[in-house]
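J.: can't give you the sequence, but here's the structure:
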């Protein structure tokens, strides 16, 4: 498997659409900012046929510092971002064979 970066996505989008690289980068960054801002406001972001970004509460727990195992620290409840893939995305990924991905 290969890691695809924002730069890679921008290049592919720019090539696919014919939109200038700088304009494509601005659109991708604006999209990421919109998703981030809406999540920070407590909103759910749904992209049909792709998936849904939403917030979940991660319950608090007791944590320990490996360097000081006798010391306990209370980690409070907090929000975490969750991504739930759509049925279409799940089926597309499920259709891949493990060998295809490993052979790259």
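T.: On my side now, so go ahead. For clarity, every value in this text was computed on a predicted model and none was experimentally measured.
J.: for the rest of this, base every contact and every neighbour count on C-alpha atoms.
T.: OK.
J.: show me where pLDDT drops low in this protein?
T.: 99-104 (pLDDT under 70).
J.: what about the residue nearest the centre of it, which helix or strand?
T.: The residue lying closest to the centre of the chain (C-alpha atoms, centre = their mean) is residue 83, at 6.6 Å. Using DSSP states H and E, residue 83 sits within strand 78-85.
J.: then residue 63?
T.: With DSSP H and E as the criterion, residue 63 is inside strand 61-65.
J.: elements contacting that strand?
T.: strand 68-75 (3 or more C-alpha pairs under 8 Å, 6 or more residues apart in numbering; DSSP states H and E).
J.: hmm, back to that, listing partners with orientation, what would you give for the strand holding residue 83?
T.: Strand 78-85 sits in its sheet next to strand 51-58 (antiparallel), going by DSSP bridges.
J.: show residues contacting the partner strand.
T.: Outside strand 51-58, the residues that touch it by C-alpha atoms under 8 Å, 6 or more residues apart in numbering are 39, 42-46, 77-86, 89.
J.: please name the nearest non-neighbouring residue to residue 25.
T.: residue 10 (5.7 Å; C-alpha to C-alpha, 6 or more residues apart in numbering).
J.: so what's the one you found up against?
T.: 21, 24-25, 28.
J.: quick one: name whatever helix or strand follows the host helix or strand of it.
T.: Under the criterion of DSSP H and E, residue 10 resides in helix 6-17. Later in the chain than helix 6-17, the nearest helix or strand by DSSP H and E is helix 21-40.
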